[in-house]
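# got a predicted model here, sequence first, then my questions.
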Amino acid sequence: MKITARVLATTIMLAWTGSLAAQTEPNPTIGGANANVVRGAKGTIVYKVLSTGALLGGENWNLSVHPDGSRTMQALNRYGSPGVQRHVTYRVDANFRPLEAYLLYWVGGKWKGSGLFTVLGDQLNAVANTPNGMLTQNVKVPENFSFIPHPLSTDAWHMGYYDKKKGGVQTITVYDMDAGAAGPQALLGRLYTQKLEYLGPEKVTTPAGAFQTDHFKIDNAVDIYVTDPDSIMVKFLWTPADRVYELVKLEPPPAQD
């Protein structure tokens, strides 16, 4: 039997229509309802020299908050010379405790490594694929700790551990991945502590809008301004290093007073 192009096209169309009818779940639509996300936001951060305003780089991020309260941040940042580019996907639970992170680093035109970091109870397990081969690490971690994968959007999540009722200077533990994936350990990180101090609420205006923020001090060196309920970083002022990082675009924009 000779199959014409019209017969073949009709057969394909009927098969495709039948497969659609057999689906029990609706297809997700861009911009439509999404049962996996209760709220979200996306933004842009610029990196500048504080004293001169010279542009150093920038960061784009996309936040999803899920029905169980967990959060996923996808971030891409680029800066400096010879040039650093990091792709990071980082997921935390409702209390900002790390669940997992995927990192991909490029520096100076060279791939420096990719790594998967997962947390199960008090165990942090890391597997990194690097120019030096496959590396693994297992570290015992406390209940309250944070990852530092190095986008500024995720560094703001440490503030979720601060107890405002207690006040004063408080200590948190961080697991800091190597910012440049340098040396034989590449992306694998180390644990250390930071000192946090809450300086109170403060209204901050950036090119992204006016925000009611919480002002924190980190190790008496960094001033960071974040918003509730998702600890979105609005401004990061690192005076000893002559650096400032600020939010220049946010979607949806902040609510007006």
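The structure has been received and is ready for your questions. Residues are numbered from 1 along each chain as shown.

# what about the strands in the stretch 151-257 of the chain?
Along the stretch 151-257 of the chain, counting by DSSP state E, counting those that start in this stretch, strands occupy 169-176, 190-206, 209-218, 222-227, 232-238, 243-251.

# so which of those gets nearest Leu76?
Leu76 sits nearest to strand 243-251 of all the strands of the stretch 151-257 of the chain, at 14.0 Å, using C-beta to C-beta. C-beta here means a position set from N, CA and C on the backbone, and glycine is covered the same way.

# rounded mean pLDDT for that closest one, please.
Averaging the model's pLDDT scores along strand 243-251 yields 97.

# likewise for stretch 174-186?
The predicted confidence, averaged over stretch 174-186, sits at 87.

# how far does it stretch from one end to the other?
In stretch 174-186, first residue to last residue: 18 Å (C-alpha to C-alpha, to the nearest Å).

# that one: which residues count as buried?
Applying a neighbour-count criterion of 16 or more other C-beta atoms under 10 Å, one finds Val174, Tyr175, Met177, Asp178, Gly180, Ala181, Gln185, Ala186 buried in stretch 174-186.

# wait, Gly80 sits on Leu56?
Yes - at 6.3 Å, Gly80 and Leu56 qualify as touching, with contact defined as C-beta atoms under 8 Å.

# of all the buried residues of stretch 174-186, which two lie farthest apart?
Distance extremes for the buried residues of stretch 174-186: the farthest pair is Val174 and Ala186 at 18.5 Å, using C-beta to C-beta.

# need the strands of the stretch 151-257 of the chain in JSON lines (columns: distance to Val139).
Conversion of the strands of the stretch 151-257 of the chain to JSON lines gives the following (distance: least, C-beta to C-beta, whole Å):
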{"stretch": "strand 169-176", "distance to Val139": "7"}
{"stretch": "strand 190-206", "distance to Val139": "6"}
{"stretch": "strand 209-218", "distance to Val139": "22"}
{"stretch": "strand 222-227", "distance to Val139": "24"}
{"stretch": "strand 232-238", "distance to Val139": "26"}
{"stretch": "strand 243-251", "distance to Val139": "28"}
